[in-house]
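Peer 1: Turn this into a structure:
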Amino acid sequence: MKQFSDLGLAETLLRAVSAEGYTHPTPIQAEVIPAMLAGNDILGIAQTGTGKTAAFVLPLLNRLAACTRPQPRGCGALILAPTRELAAQIADNIRTYGKFTRHSVAVVVGGVKPGPQIRTMARGVDILVATPGRLLDHMTTGAIRLHDTSVVVLDEADQMMDLGFLPAIRNIMAKVPADRQTVLLSATMPAPIRALAQDFLDEPVEVSVAPVSRPIERIDQKVMHVDAGMKRQALVDILAREEVERAIVFTRTKHGADKVRRHLEEAGLAADAIHGNKSQGQRERTLASFRTGNVNILVATDIAARGIDIDDVSHVVNFELPNVPESYVHRIGRTARAGKSGFAITLCDSSERKLLRDIERLIGNSLWAEGFTPRARPAARPVAAAPVAAAPVVAEPHGFDPNPGDDPRPGRHHDGRGPKHRGRPAHRKPAGDRPGLRSDGTRPGETPEAGLARMLGKAPAAPHHRAAAPAGEARTEAAPGGRDNPGRGKQRHRKGGRPQTAEANPERGANGGRRNGEAGRWATAEHGASPDRKANPERKPNGERKPNGERKANGERKGGWQPRRRKGNGERTARPA
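Peer 2: Predicted coordinates:
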């Protein structure tokens with residue numbers, strides 16, 4: 001087996017690699033490093049987690065000793081990555097392996113202010129790690145120039161194509177000198193990526209250490225067929241197991257990632273989410289918490305799948321299957337890194353069966369399937385019933401029968417009136433405690449026999465008003481329902497219910513009705529019209545009134561028409577005449 005010392009690397013790089021605990025290169029590293037040192041274009045195909053980043057970072061650092069200082073706003077080597085996380089990961093690897101080498105590196109990605117990036121590039125850097133979109137913006141403004149770039153590396157080229165970066169990549173490659181060295185690395189190799197390689201690579205050395213789109217063998221893969229409504233419960237049961245040390249849960253959408261995170265937190269699991277709607281600072285803090293172990297469950301989307309390089313991920317759970325089968329390979333590649341083993345569990349409902357068949361066709365085998373049975377929850381401990389207090393005995397008031405013979409509805413009063421609201425006790429206060437009734441339950445001016453007949457419903461109730469007094473004689477007792485007797489609910493007379501007399505108001509009738517010809521509104525034959533009711537001879541009948549056409553217009557009225565002015569809040573008020 002080869003060692004790093006057999007690959008022709010500088011001594012400073014060998015010390016840095018040894019300090020990280022690596023002595024033997026991976027198959028992709030053993031093939032790519034010598035080819036890059038020889039200056040050949042490379043088309044590399046390898047699964048995620050096999051050391052592709054170190055395979056091109058170490059040769060780039062090795063040739064810095066022979067390169068001159070880059071010009072201002074220029075770079076010696078350009079590395080293009082599809083996501084911010086992957087760009088930050090590559091920059092960290094450059095700093096780690098180049099800690100014994102003098103070099104300069106800059107990261108140009110979106111989601112942050114461009115000012116610091118412009119100031120860093122003004123001096124020129126040895127290695128520039130960038131995403132295509134933000135790099136093209138800086139090239140348009142002249143902040144970055146690529147006319148001195150000698151090496152271009154396209155990492156995860158298939159995902160950049162999926163994200164729509166292919167036009168931007170072509171514009172960037174058009175600004176780079178034609179005698180450059182180009183390296184294209186990817187975990188999958190669809191037909192468009194191979195066509196892109198033919199356009200940009202010149203007689204490349206093709207390195208393929210495993211069949212295309214085949215996940216590494218150290219990942220134990222299985223699928224659980226579960227209903228869509230039971231997916232969240234199945235996810236909680238999987239992540240609550242003791243063997244789950246650190247897990248990544250993949251969803252199809254950003255909104256779905258937030259919903260899964262909230263559900264896991266409600267279940268008592270420490271989880272956080274990372275997706276494209278998060279700012280760069282939030283994404284970096286989330287990854288830092290995941291690396292340090294403060295959060296052991298990370299919910300992510302496919303965009304963030306390529307930039308998560310953490311060695312201790314034990315489980316990957318596909319909460320939703322990806323629309324692109326190749327994304328499945330990148331998802332499960334987050335586990336079983338650095339020579340370790342891992343587990344990949346896929347939750348599949350009936351609507352995702354076609355996507356599952358496409359994935360199985362891509363990887364070349366069928367996933368081991370099992371059903372989902374919810375774990376039994378511990379039964380709740382019985383709680384002793386609290387003693388029920390005896391209901392207080394309430395004395396039945398006068399006039400109440402719990403079940404009268406003439407009314408089949410229980411709890412009704414003799415006069416047929418029940419409780420106002422459902423659930424209230426049907427009885428009322430004793431008669432002596434209710435205003436407007438005497439202690440024996442009769443009304444003022446009512447005989448005991450009449451009151452009993454009224455309560456039993458055998459005779460019509462006595463009228464609530466007294467007979468009209470003779471003209472010119474004032475009443476000595478207010479009628480029930482007026483202000484002097486507020487306990488009878490609604491007032492039955494106008495203007496507060498105070499009775500009017502002929503002596504107090506000779507213009508009105510004795511029964512308090514308003515004047516309207518010979519009979520008022522309330523002075524009807526039923527209520528007893530007063531004979532001294534005074535008519536209004538000045539008021540004309542409706543038929544003798546002036547028609548609308550003869551009425552005065554606004555301008556002929558008193559004061560004339562005046563325009564209205566507006567207040568501050570937009571309301572209009574009349575201007576005084």
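Peer 1: only C-alpha atoms for contact and neighbour calcs from this point on.
Peer 2: OK.
Peer 1: where exactly do the helices run in the stretch 251-400 of the chain?
Peer 2: Taking DSSP state H, counting those that start in this stretch as the test, the helices found in the stretch 251-400 of the chain are 254-266, 280-292, 325-332, 353-363.
Peer 1: Tally up the residues packed near Ile308, please.
Peer 2: Number of residues near Ile308 (other Cα atoms under 10 Å) recorded here: 20.
Peer 1: what's the answer for Ala336, then?
Peer 2: Around Ala336 there are 27 residues (other Cα under 10 Å).
Peer 1: residues touching it, list them.
Peer 2: Taking Cα atoms under 8 Å, 6 or more residues apart in numbering, we find Ala336 in contact with Gly49, Arg218, Ile219, Asp311, Val313, Ser314, Gly342, Phe343.
Peer 1: That one and Arg102: what is the separation?
Peer 2: Distance, Ala336 to Arg102, by Cα to Cα, to the nearest Å: 33 Å.
Peer 1: try His255
Peer 2: 44 Å.
Peer 1: do the same with Ile127
Peer 2: Distance of Ile127 to Arg102, given as Cα to Cα: 12 Å.
Peer 1: so where is this protein shaky, pLDDT-wise?
Peer 2: 1, 210-216, 304-307, 338-339, 371-437, 439-440, 457-577 (pLDDT under 70).
Peer 1: per-domain residue ranges of it.
Peer 2: Listed by automatic domain parsing, the domain ranges of the chain are 4-208, 219-371.
Peer 1: Dump these into CSV; add distance to Thr442 as well.
Peer 2: Output for the domains of the chain, formatted as CSV (distance: least, Cα to Cα, whole Å):
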stretch, distance to Thr442
domain 4-208, 85
domain 219-371, 65
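Peer 1: Tell me which of the ones you listed lies nearest to Ala450.
Peer 2: Among these, the nearest to Ala450 by Cα to Cα is domain 219-371 (69.3 Å).
Peer 1: three-state assignment of Ala106?
Peer 2: Following DSSP: H, G, I helix; E, B strand; the rest coil, we place Ala106 in the strand state.
Peer 1: just checking, it touches Leu128?
Peer 2: Yes. Under the criterion of Cα atoms under 8 Å, Ala106 makes contact with Leu128 at 5.1 Å.
Peer 1: Pick out whichever of those two has more residues nearby.
Peer 2: Taking other Cα under 10 Å, Ala106 and Leu128 do not tie; Leu128 has more neighbours (25 against 18).
Peer 1: what's the distance between Leu58 and His275?
Peer 2: In terms of Cα to Cα, Leu58 sits 30 Å off from His275.
Peer 1: Also Glu156?
Peer 2: 18 Å.
Peer 1: ok, now Lys52?
Peer 2: Counting by Cα to Cα, the gap from Lys52 to His275 is 24 Å.
Peer 1: Check Arg438 too.
Peer 2: 78 Å.
Peer 1: More neighbours: which of these two?
Peer 2: Each of Arg438 and His275 has its neighbours counted (other Cα under 10 Å); His275 has more, 21 against 14.
Peer 1: hang on, isn't the more buried one packed against Lys254?
Peer 2: Yes. Counting by Cα under 8 Å, Lys254 is a contact partner of His275 at 5.9 Å.
Peer 1: residues shared between the contacts of these two?
Peer 2: Counting by Cα under 8 Å, 6+ apart, the residues touching both His275 and Lys254 are Ala300, Thr301.
Peer 1: Run a quick neighbour tally on Gln282.
Peer 2: Residues near Gln282, counting by other Cα under 10 Å: 14.
Peer 1: Next: the one 5 residues further on.
Peer 2: Counted by other Cα under 10 Å, the residues lying close to Leu287 total 21.
Peer 1: residues in contact with it?
Peer 2: Counting by Cα under 8 Å, 6+ apart, the residues that Leu287 touches are Ile308.
Peer 1: Same check on Asp158?
Peer 2: Ser186, Ala187, Thr188, Met189, Pro190, Ile193.
Peer 1: Please indicate which of those residues are buried?
Peer 2: Buried by 16 or more other Cα atoms under 10 Å: Ser186, Ala187, Thr188, Met189, Ile193, out of the contacts of Asp158.
Peer 1: Tell me which two in those are the farthest apart.
Peer 2: Ala187 and Ile193 (11.1 Å).
Peer 1: Can you list the buried residues in stretch 264-274?
Peer 2: Residues of stretch 264-274 classed as buried: Leu264, Leu269, Ala271, Asp272, Ala273, Ile274 (neighbour count, 16+ other Cα under 10 Å).
Peer 1: wait, stretch 117-137
Peer 2: Buried residues in stretch 117-137 (16+ other Cα under 10 Å): 117-118, 120-121, 124-136.
Peer 1: what's the closest of the domains of the chain to Gly451?
Peer 2: domain 219-371 (66.0 Å).
Peer 1: re earlier: select, out of the helices of the stretch 251-400 of the chain, the one closest to His24.
Peer 2: Shortest distance between His24 and those, using Cα to Cα, is found for helix 325-332: 24.3 Å.
Peer 1: The closest one to helix 353-363, inter-axis angle?
Peer 2: Helix 325-332 runs at 80 degrees relative to helix 353-363, counting by axes from the mean of the first three to the mean of the last three Cα atoms, to 10 degrees.
Peer 1: So which other helices or strands are in contact with helix 325-332?
Peer 2: Under the contact criterion of 3 or more Cα pairs under 8 Å, 6 or more residues apart in numbering; DSSP states H and E, helix 325-332 touches strand 315-318, helix 353-363.
Peer 1: Would you mind finding the most buried of those?
Peer 2: Neighbour counts (mean count of other Cα atoms under 10 Å) averaged over each of those peak at strand 315-318, with a mean of 25.
Peer 1: Which parts of the stretch 201-350 of the chain are strands?
Peer 2: Using DSSP state E, counting those that start in this stretch, the strands of the stretch 201-350 of the chain run over residues 205-208, 219-225, 247-250, 271-274, 297-300, 315-318, 342-348.
Peer 1: Switch the ones you listed over to a markdown table; also include distance to Ala450.
Peer 2: Output for the strands of the stretch 201-350 of the chain, formatted as a markdown table (distance: least, Cα to Cα, whole Å):
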| stretch | distance to Ala450 |
| --- | --- |
| strand 205-208 | 111 |
| strand 219-225 | 81 |
| strand 247-250 | 83 |
| strand 271-274 | 79 |
| strand 297-300 | 82 |
| strand 315-318 | 84 |
| strand 342-348 | 81 |
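Peer 1: now for those strands, which one comes closest to Arg454?
Peer 2: For the strands of the stretch 201-350 of the chain, the distance to Arg454 is smallest for strand 271-274, at 73.6 Å, taking Cα to Cα.
Peer 1: Which neighbouring elements make contact with the closest one?
Peer 2: helix 254-266, helix 280-292, strand 297-300.
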